[in-house]
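**Q** Need the 3D shape of this:
(one chain, ligands or ions: 1)
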Amino acid sequence: MKIITPPIIITSLFHSLEWQINDARISRKLYLSFDDGPTPQVTDFVLNQLCKNSIKASFFCIGANIKKEPQLFQELIKQQHRVGNHTQHHVNGWKTNTSTYLNEIEACEKILQEYGYQHDGKPLFRPPYGKITRDQIKALKHKYRIIMWSILGYDWLPYKNPHQCLRNILKPLRSNAIIVLHDSLKASINIKHALPEFIKQAKDQGYTFDKI
Ligand SMILES: [Zn+2]
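**A** Below you'll find the model as predicted:
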């Protein structure tokens, strides 16, 4: 079975995790998010699309990638997008003990500060692979908003084509949804085709966009 949206049992079990934006006042809002960057050629492309459409989005960056691409990271800041923590080396919470996991997040946090990002409100964290243990949630939930997703594009999978990715994000579209795409090399071809078309069709359906 293909899981596009998280099953109810998971959402209620991990109630400290955010699977959508809970704001009853806002209707037809979407929250685009991009994981695993910054990546040359890909993040630039995404930024360009967002800028052309006056959209603010959220980028869950890997600390090591920020270190490699400081200029690109500066662009994210300059264009006033939201930046969240995605660990220093994209570690899997289920395979990492809690103290190492927290160190990974702390290291990424230091990089964010070092390269000039200032949080506006409670810092955001998204666990790589969506994998995080109860202990890790407990240790993090007071300092971070732990942001999961409502809709996945599956854009990083080599056997998905751009049309499938577009369908994956358009079909379950609903107000307040958090959408995950990737500004990574793996997702590059899919995202370059699917993102412009997605923005166009979502706008045609009356949706607007915001950062988390
Ligand atoms: Zn990731």
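**Q** contacts and neighbour counts: CA atoms only from here.
**A** Noted.
**Q** what sits against the most centrally placed residue in the chain?
**A** Computing the C-alpha centroid of the chain and ranking residues by CA atoms, centre = their mean puts S33 first, at 3.6 Å. Shown in contact with S33 (CA atoms under 8 Å, 6 or more residues apart in numbering): A57, S58, F59, F60, I178, I179, V180, L181, H182, K211.
**Q** Please apply the same query to E106.
**A** T87.
**Q** next one: P158
**A** K186.
**Q** Can you give me the neighbour number for the residue of the chain found nearest the ion?
**A** Residue nearest to the ion within the chain: P128 (4.3 Å; CA to the ion). Using other CA atoms under 10 Å, P128 has 20 other residues around it.
**Q** Per-residue pLDDT of it, please?
**A** Note for P128: predicted pLDDT of 97.
**Q** and what of the one 3 residues further on?
**A** Per-residue confidence at K131 stands at 95 (pLDDT).
**Q** do the same with I4
**A** I4 is given a pLDDT of 54.
**Q** go on, T11?
**A** Note on T11: pLDDT of 54.
**Q** After the one helix or strand in the chain whose mean pLDDT sits lowest, heading C-terminal, what element do we hit next?
**A** Ranking every helix and strand in the chain by mean pLDDT, DSSP states H and E puts helix 8-13 at the bottom, with a mean of 53. Using DSSP states H and E, the helix or strand that follows helix 8-13 in sequence is strand 17-18.
**Q** in its sheet, what does the helix or strand just after that following strand sit against?
**A** Downstream of strand 17-18, the first helix or strand assigned by DSSP H and E is strand 29-35. On the basis of DSSP bridges, the sheet neighbours of strand 29-35 come out as strand 58-61 (parallel), strand 177-182 (parallel), strand 208-209 (parallel).
**Q** can you pull out the helices in this protein?
**A** 8-13, 42-52, 63-68, 70-78, 98-114, 134-140, 162-170, 188-204 (DSSP state H).
**Q** Between those, which has the poorest mean confidence score?
**A** Across those, the lowest-scoring stretch is helix 8-13, with a mean of 53.
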